[in-house]
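In: sequence and computational prediction follow.
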Amino acid sequence: MTMELWTNCAVATMQAGSERPYGLVDDAALVLDGERVLWVGERQALPAELRSRCLQQQDGGGALITPGLIDCHTHLVYAGDRAREFELRLNGASYEEIARSGGGIASTVRDTRAASPEALQAQSLVRLQALMAQGVTTVEIKSGYGLALESERQMLQVARALGRELPVSVCTTFLGAHAVPPEFAGRSDDYVDAVLAMLAQLHAEGLVDAVDAFCEGIGFSPAQTRRVFAAAQALGLPVKLHAEQLSDSGGAALAAGFGALSCDHLEWLSEEGAAAMAAAGTVAVLLPGAFYFLRETRLPPLALLRQHGVPMAIATDCNPGSSPCSSLLLMLNMACTLFRMTPEEALAGVTRHAAGALGLTDRGVIAPGMRADLVLWSVRHPAELSYAIGANPHRQTIFAGELQ
Ligand code: DI6
Ligand code: FE
């Protein structure tokens, strides 16, 4: 592949420790060598020797270039929708009441089990394409609406197929411990046994990149979560956790004890939890879409996370029950308006720190050696990406060095 030089652009490298906010280079040059970044910096500082080796010259047209966006927490493979439950909630039912009366996650499990692989893929494709239309180049997709071997496998296979068919990287997370399926009602420990068996099998089939659980009153206890994590650890798989979303069950500290990549939601995170995450290098994934859609009032403790130096990521949590959202840009805005993150923290949350939440070290910043997953935006300054509500200034995506 030939080397390619991009000029007439600004670049927000998002590199950690940069002197400039966003690692912003106003008049930048960017050299791509195949699927990797070879050089980035001030256009004036581009070595002449490197310039002469670039056979291809690209005009950035005044765009701002950022790393490709990373949505590090989604449940975007599912069938059906939960609009009727949305209506029930508006008539007074709570999310937990609906879940306890057989609706909620269980209703999406029924629809997902009943769907053919083709139907499941077609419905999920629409959501993934919506994310990609706003510059997403890496997405994490969880299972957890199958809750039985065949249907969990099907969800993970659909996720992997989407990653093969579209210019996007897909990371798959096994979330067998998402809810107790109806056939195990009242026997949650037996279901955890089944989760361990499914995990071993699906890992053997090469379908699992990480393991997650829903540690909550309406989900799994800390002791059950610990069993799932111990099994993951024995298989050499990294873990992450839906922790402290609706109550403080100590899930964050438990997950940190397993060196978790991330703890997600965290509205009820305690000081001990934050300290444990900091010590383990665990990323806090904040999900403003679920906070907004469930009309939560308890904010994730941003001051505590900042004080302990816990890296913060942001994701859509794209799912039918608590965050029917496929706009990562809207999440940037909500992270700022609802959680009071700064636009710079928000952008780092969908680039550098989102990569950390997935254990990926080859993306999330623009620097030599990194993957050339890049987005060209029709904005002048990166704060505009958090500022505008419902806008889509996406111009073009470069995925693994290829202009899409
Ligand atoms: N927490 C959530 O917000 C989603 N899953 C979870 O563990 C909700 C999933 C759903 O309601 O379908
Ligand atoms: Fe989730």
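Out: Looks like it arrived, so ask away. Ligands and ions are numbered 1, 2, ... in the order given.
In: who's in contact with the closest residue to P47 other than its chain neighbours?
Out: Nearest residue to P47, sequence neighbours excluded (Cβ to Cβ, 6 or more residues apart in numbering): W39, at 7.8 Å. C-beta coordinates here come from the backbone N, C-alpha and C atoms, glycine included. Contact analysis of W39 by Cβ atoms under 8 Å, 6 or more residues apart in numbering lists 29-31, 46-47, 50, 368.
In: reformat the residues you listed as CSV; add pLDDT.
Out: Formatted as CSV, those follow (pLDDT from 0 to 100):
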residue, pLDDT
A29, 97
L30, 98
V31, 97
L46, 97
P47, 96
L50, 94
P368, 98
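In: that older thread, for the residue nearest to P47, give the beta-bridge partners.
Out: V31 (DSSP bridges).
In: how about the residues of the stretch 1-150 of the chain that lie near ligand 1?
Out: 104-105, 108 (Cβ under 6 Å from any ligand atom).
In: now do 5 Å
Out: I105 (Cβ under 5 Å from any ligand atom).
In: from the stretch 1-150 of the chain, which residue is nearest to ligand 1?
Out: The stretch 1-150 of the chain approaches ligand 1 most closely through I105 (4.5 Å), counting by Cβ to the nearest ligand atom.
In: can you check the chain too?
Out: G321 (2.1 Å).
In: how near is that residue to Y292?
Out: Per Cβ to Cβ, to the nearest Å, G321 is found 13 Å from Y292.
In: so those two - more neighbours on which side?
Out: Comparing G321 with Y292 by other Cβ atoms under 10 Å, the one with more neighbours is G321, at 25 against 17.
In: residues in contact with that one?
Out: 82, 85, 95, 104-105, 108.
In: for those, give me CSV that also has pLDDT and secondary structure.
Out: Below are these laid out as CSV (pLDDT from 0 to 100; DSSP: H, G, I helix; E, B strand; the rest coil):
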residue, pLDDT, secondary structure
R82, 95, coil
E85, 92, helix
Y95, 82, helix
G104, 90, coil
I105, 91, helix
T108, 97, helix
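In: which of those residues lies at the shortest distance from E183?
Out: I105 (14.4 Å; Cβ to Cβ).
In: follow-up on the earlier one: in a markdown table, list the contacts of W39 along with neighbour count.
Out: Formatted as a markdown table, the contacts of W39 follow (neighbours: other Cβ atoms under 10 Å):
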| residue | neighbour count |
| --- | --- |
| A29 | 24 |
| L30 | 26 |
| V31 | 23 |
| L46 | 19 |
| P47 | 12 |
| L50 | 15 |
| P368 | 12 |
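In: now intersect those with the helices, please.
Out: If you go by DSSP state H, the contacts of W39 have L50 in helices.
In: and the contacts of W39, which two are furthest apart?
Out: Largest pairwise distance in the contacts of W39, by Cβ to Cβ, is 13.6 Å, between L30 and P47.
In: which positions in the stretch 251-400 of the chain make contact with ligand 1?
Out: 290, 319, 321-322.
In: cutoff 8 Å now
Out: Contact residues (Cβ under 8 Å from any ligand atom) of the stretch 251-400 of the chain with ligand 1: 265, 287, 290, 294, 317, 319-323.
In: hang on, the earlier thing: reduced to three states, what does the residue of the chain closest to ligand 1 come out as?
Out: The three-state label given to G321 by DSSP: H, G, I helix; E, B strand; the rest coil is coil.
In: quick check on it: phi, psi?
Out: Dihedral pair for G321: phi -100, psi -50, per degrees, to the nearest 10.
In: the one 3 residues further on now?
Out: P324 adopts backbone torsions of phi -80, psi 70, taken as degrees, to the nearest 10.
In: still on that earlier bit, ok, the residue of the stretch 1-150 of the chain closest to ligand 1 to A372 distance?
Out: The value you get for I105 to A372, if Cβ to Cβ is used, is 38 Å.
In: with G62 instead?
Out: With Cβ to Cβ as the criterion, G62 and A372 are 20 Å apart.
In: so which of these two has more stuff around it?
Out: A372 (25 against 13).
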